[in-house]
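# One predicted model, sequence on top.
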Amino acid sequence: MTQATKYIQAKIDQSVSGVSIVLLGCLVSVLVLLVARLVYKNWTLKKELAKSDHIHPVIYEEIDYMAARQTKQARQPTLTPQNHSVQ
């Protein structure tokens with residue numbers, strides 16, 4: 001290799017490492033922004049929940065419905081080959 005080709009190769013290697021550093025920096029900045037957004041949303045949610053003293057009645061209705069459905073399913077007999085025979 002001549003001196004000129006070694007110089008060009010060194011420049012290419014430097015530019016690739018420079019591009020990879022810039023891309024890595026952009027990726028890290030996006031991740032930091034996403035985490036900051038999640039922290040902010042969590043903070044505002046906690047603040048709003050602290051202001052309200054009660055849970056909306058619809059939540060209680062949903063909990064009651066789910067509990068009643070689970071109780072009903074637990075009481076129903078399961079069909080097994082011994083219980084359900086065709087004659």
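Okay, I see it.
# From now on I want contacts and neighbour counts done on CA atoms only, so please keep to that.
Noted.
# Where do the helices of this protein begin and end?
Counting by DSSP state H, one finds helices in the chain at the ranges 3-51, 57-75.
# avg pLDDT for the first one?
Average pLDDT, helix 3-51: 84.
# again with the shortest one
Averaging pLDDT along helix 57-75 gives 70.
# Let's have the helices of the chain in CSV, adding mean neighbour count.
Putting these into CSV (neighbours: other Cα atoms under 10 Å) gives the following:
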stretch, mean neighbour count
helix 3-51, 12
helix 57-75, 11
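# so how far is Leu38 from Cys26?
Going from Cys26 to Leu38 by Cα to Cα, to the nearest Å gives 19 Å.
# again with Lys47
Using Cα to Cα, Lys47 is found at 14 Å from Leu38.
# Also Lys72?
Lys72 is 39 Å from Leu38, by Cα to Cα.
# Please apply the same query to Ile21.
When distance is defined by Cα to Cα, Ile21 is 26 Å away from Leu38.
# Ok, Arg75 next?
Arg75 is 43 Å from Leu38, by Cα to Cα.
# and what of Ser52?
21 Å.
# and if you look at Val22?
Applying Cα to Cα, the value for Val22 to Leu38 is 25 Å.
# now do Thr44
Using Cα to Cα, we find Thr44 at a distance of 10 Å from Leu38.
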